[in-house]
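>>> need a structure here:
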Amino acid sequence: MSFLDTIRRVLFGKETRASRARGTAGPDNRRVRRIPQRMRSGYVYTDKLITPRACMFRDLSVGGARVEVLGEPIKPSLLIDGLRLYFESEKHEVPCSVAWMKGRMMGLKFEGRPRPPSRRYR
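Numbers count the residues shown, from 1 in each chain. Next up, the predicted model:
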């Protein structure tokens, strides 16, 4: 499923497997529904990094994403000015800010719209 399809799915309220599995466990109090992702990869990039860092998407929503950086964790001091998240399957990037970090996992908040890449990735 493409990034744009995921956004449409969240906006128009189609039921996901996760929400069906939850059953009657109670309502989800998040403002925006998250959709778990499998086998979707991309890159995290900031001007302070020498090369883009490969990552795997774990959750995706209209407002942000949870990603796992492959390899060594990125130092928080390199991410202060924001970063760009590149979606490999859709060939576009989104400007982001870091909402939280825990080891190699990061919560990213989208700060703009998807756009064509500003650099070459890989």
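>>> Same question for stretch 34-50: list its buried residues.
For stretch 34-50, a neighbour-count test (16 or more other CB atoms under 10 Å) marks 34-35, 37, 40, 42-46 as buried. Using the backbone N, CA and C atoms, a C-beta is placed for each residue, glycine as well.
>>> Those: which two are farthest apart?
Spanning the widest gap among the buried residues of stretch 34-50 are Ile35 and Thr46, at 25.5 Å by CB to CB.
>>> can you give me the helices for the protein?
Ranges of helices within the chain are 3-11, 17-22, based on DSSP state H.
>>> where among those is the average confidence lowest?
Looking at these, the lowest mean pLDDT belongs to helix 17-22 (a mean of 48).
>>> what sits against the residue nearest to Leu79 when sequence neighbours are not counted?
Nearest residue to Leu79, sequence neighbours excluded (CB to CB, 6 or more residues apart in numbering): Val98, at 5.0 Å. Val98 is in contact with 76, 79, 82-83, 106-109, counting by CB atoms under 8 Å, 6 or more residues apart in numbering.
>>> Roughly how far does Val98 sit from Val69?
For Val98, the distance to Val69 equals 11 Å [CB to CB, to the nearest Å].
>>> Pull up the overlap in contacts between those two.
Any residue near both Val98 and Val69 by CB under 8 Å, 6+ apart counts here, and that gives Met106.
>>> Is there a quick PyMOL command that grabs whichever of the contacts of Val98 are buried?
Buried members of the contacts of Val98, defined by 16+ other CB under 10 Å, are picked up in PyMOL with:
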select buried, resi 79+83+106+107+108
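>>> nearest to Val94, of the contacts of Val98?
If you rank the contacts of Val98 by distance to Val94 using CB to CB, Leu108 comes first, at 8.5 Å.
>>> pretty sure the closest one contacts Pro95?
No. Taking contacts as CB atoms under 8 Å, Leu108 lies outside contact range of Pro95: 9.9 Å.
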